[in-house]
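Trainee: no FASTA, just this:
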């Protein structure tokens, strides 16, 4: 739509018409001059209007940057949701479909708010439990916002008892220059029933895009359908015919490029490489095992029309710091991350970016101080027993963050001793002991009959390991060895327990030995796709008590047919 005047656009002054009437000939001459001037003015004006139309047509579509939200101004807001009985029944049957609700945010009433349940397999709870909810304020009332937010998510945080991980992760990405949703907290009521503390997260909306990018008319993709650029992903935002996908196809094609020199060039043409290196390094740094790089999950992709490149955005960060000893250069699951790490230039730039972030962004002292600030804001609004439990959970997270930084600094300071696999079998007779916590005792011993063993004893909750690094060519491999356990007890948290063999950076493990058992052969099969890939092989005990022994002489790596 044309406007009378646009800021910054010069409006040409009106052309003057001089009236001189000496005689008829002068009058006629003057008339010709007037017509000539008028014609010139008309042409000039027509050109100006035409140029204005073209300029307006080419002007990037932008939404006004939204005001600060209550996530930034209030430590804990109060959200009261009222859903009619018919709507509640509808959500019992079809939890993903919106129903209308009245919502009060710190007393401000908003009507006809769209509400539906959210959550994946681990976090989903039904409407009569403590559900995670999506509030869409402008679903039925276009333009309606609640103090700066259009579509917040209320997460029940059942997979994060600290209620802190999503917020810490989001703030780290923002500091590192990666767009991420703002996160806060709320006390929530549903039809007068207290749901308790929830994590409030900003949705991936046009407001979010407008705050972080020069143009907000690009395509935003989520993982509802596909979980990588070589798969069809759902277009959540964007204009144009069809459902986009062209920009994803270009990146996927570049990632599959067999010529390494050409691959790097093609990736740089379609992907914001600088941001992606930061995105990938930070996901590994904070152990976001359920993110894109490590798990092909919990991410968004925005195609930035101004740069003509795609940008990866983090999401779903409620399970961070689960593995303080995760390698800083693990095996990547995401197609783009794998494609970069297969390139010598990609590995070098990833290492440089990782070291830079560790010294400037990921600092455990800053993170633990930030935790204290957030907890101080939560304390006045929570019951004493609830806050006491929250503080206990936060104390464990604090230890994991400190251990993570210590582990990473040690790994980067001490160069890896990498063995080269030659022939069909490699005896893993040496390596290094890492990951011992204050409640684990680790020894390299020789039994009375001369058998070299690694002993790990758990005095309390323990995740300790012995590991070695091997450079491998593409192929199928088996890691195996003899293991014995005595009185090994499960941890009170997590999915993996006992003594096992593991391949660094991956969730897959051999059989877990729990309780007491005599020497038993454990093995783990895995594959390598990149040339000269560095692989970490791990002997690990995760337990709250008991002992494990790994027969060092029996530890073998074999190439499979």
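Mentor: Looks like it came in fine. Please read these numbers as outputs of a predicted model, since none were measured by experiment.
Trainee: Pull out the buried residues from stretch 88-100.
Mentor: The neighbour-count check on stretch 88-100 (16 or more other Cβ atoms under 10 Å) flags 90, 91, 95, 98, 99, 100 as buried. In short, each C-beta sits where N, CA and C put it, glycine included.
Trainee: Most widely separated two among those residues?
Mentor: 95 and 100 (15.3 Å; Cβ to Cβ).
Trainee: re the thing from before, have a look at the buried residues of stretch 88-100 and tell me the least confident one.
Mentor: Least confident entry in these, by pLDDT: residue 95, with 93.
Trainee: Could you look up the SS state of it?
Mentor: coil (DSSP: H, G, I helix; E, B strand; the rest coil).
Trainee: just checking, what packs against the helix or strand hosting residue 267?
Mentor: Element membership for residue 267 (DSSP states H and E) is helix 260-270. For helix 260-270, the elements it packs on are helix 246-255, strand 309-314, helix 335-341, helix 344-360, judged by 3 or more Cβ pairs under 8 Å, 6 or more residues apart in numbering; DSSP states H and E.
Trainee: any chance of these in a markdown table, plus distance to residue 385 and mean pLDDT?
Mentor: A markdown table is the format used below for the helices and strands packed on helix 260-270 (distance: least, Cβ to Cβ, whole Å; pLDDT from 0 to 100):
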| stretch | distance to residue 385 | mean pLDDT |
| --- | --- | --- |
| helix 246-255 | 49 | 95 |
| strand 309-314 | 33 | 97 |
| helix 335-341 | 43 | 94 |
| helix 344-360 | 38 | 93 |
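Trainee: got JSON lines for the ones you listed, with distance to residue 513 and mean neighbour count too?
Mentor: Below are the helices and strands packed on helix 260-270 laid out as JSON lines (distance: least, Cβ to Cβ, whole Å; neighbours: other Cβ atoms under 10 Å):
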{"stretch": "helix 246-255", "distance to residue 513": "39", "mean neighbour count": "19"}
{"stretch": "strand 309-314", "distance to residue 513": "36", "mean neighbour count": "24"}
{"stretch": "helix 335-341", "distance to residue 513": "32", "mean neighbour count": "23"}
{"stretch": "helix 344-360", "distance to residue 513": "34", "mean neighbour count": "16"}
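Trainee: JSON lines please, covering these and showing distance to residue 261.
Mentor: Output for the helices and strands packed on helix 260-270, formatted as JSON lines (distance: least, Cβ to Cβ, whole Å):
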{"stretch": "helix 246-255", "distance to residue 261": "12"}
{"stretch": "strand 309-314", "distance to residue 261": "20"}
{"stretch": "helix 335-341", "distance to residue 261": "13"}
{"stretch": "helix 344-360", "distance to residue 261": "9"}
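Trainee: For residue 536, find the nearest of these.
Mentor: helix 335-341 (14.0 Å).
Trainee: residues in contact with the closest one?
Mentor: Here helix 335-341 makes contact (Cβ atoms under 8 Å, 6 or more residues apart in numbering) with 228-230, 251-252, 254-257, 263, 267, 271, 276-277, 280, 292-293, 296, 312, 329, 332, 346-347, 350, 529-530.
Trainee: again, 7 Å this time
Mentor: With Cβ atoms under 7 Å, 6 or more residues apart in numbering as the contact definition, helix 335-341 has outside contacts at 228-230, 251-252, 255, 263, 267, 271, 276, 280, 293, 332, 346-347, 350.
Trainee: Give me the distance between that helix and the centre of its chain.
Mentor: Its chain's C-alpha centre and that of helix 335-341 lie 16 Å apart, by Cα atoms, centre = their mean, to the nearest Å.
Trainee: tell me which residues in stretch 266-281 are buried?
Mentor: So stretch 266-281, judged by 16+ other Cβ under 10 Å, has buried residues 266-267, 270-273, 275-281.
Trainee: quick one: terminal-to-terminal distance for it?
Mentor: End-to-end distance for stretch 266-281: 21 Å, by Cα to Cα, to the nearest Å.
Trainee: Just give me how far that stretch sits from the chain centre.
Mentor: The answer for stretch 266-281 is 14 Å, by Cα atoms, centre = their mean.
Trainee: do stretch 246-253 as well
Mentor: Using Cα atoms, centre = their mean, the offset of stretch 246-253 from its chain centre is 20 Å.
Trainee: Could you list the residues in contact with it?
Mentor: 219, 221, 229, 230, 233, 270, 271, 303, 310, 335, 336.
Trainee: where does the stretch 451-561 of the chain have low pLDDT?
Mentor: 493-494, 505-507, 531-532 (pLDDT under 70).
Trainee: can you map out the strands along it?
Mentor: Under the criterion DSSP state E, counting those that start in this stretch, strands of the stretch 451-561 of the chain are mapped to 452-458, 462-472, 475-489, 498-503, 515-528, 533-543, 545-551, 556-559.
Trainee: closest one to residue 203 among those strands?
Mentor: strand 462-472 (35.0 Å).
Trainee: list the contacts for residue 282?
Mentor: So residue 282 contacts 172, 173, 176, 357 (Cβ under 7 Å, 6+ apart).
Trainee: If you could redo that for residue 333, that was the one I meant.
Mentor: Counted by Cβ under 7 Å, 6+ apart, residue 333 has contacts 293, 294, 295, 296.
Trainee: Please report the number of neighbouring residues for the closest residue to it other than its chain neighbours.
Mentor: Spatially, and ignoring its direct neighbours in sequence, residue 333 is nearest to residue 296 (5.0 Å; Cβ to Cβ, 6 or more residues apart in numbering). By the criterion of other Cβ atoms under 10 Å, residue 296 has 19 neighbours.
Trainee: contacting residues around residue 296?
Mentor: Contacts of residue 296 (Cβ under 7 Å, 6+ apart): 227, 228, 333, 334.
Trainee: what about 10 Å?
Mentor: Shown in contact with residue 296 (Cβ atoms under 10 Å, 6 or more residues apart in numbering): 223, 226, 227, 228, 231, 290, 332, 333, 334, 335, 337.
Trainee: List buried residues within the residues you listed.
Mentor: Among the contacts of residue 296, those classed as buried by neighbour count (16+ other Cβ under 10 Å) are 223, 226, 227, 228, 290, 332, 333, 334, 335, 337.
Trainee: Hmm, the second one is touching residue 235, no?
Mentor: No: the criterion here is Cβ atoms under 10 Å, and residue 226 misses it with residue 235 at 11.1 Å.
Trainee: Overlap of the contact sets of these two?
Mentor: 245, 248.
Trainee: mean confidence score for stretch 227-242?
Mentor: 87.
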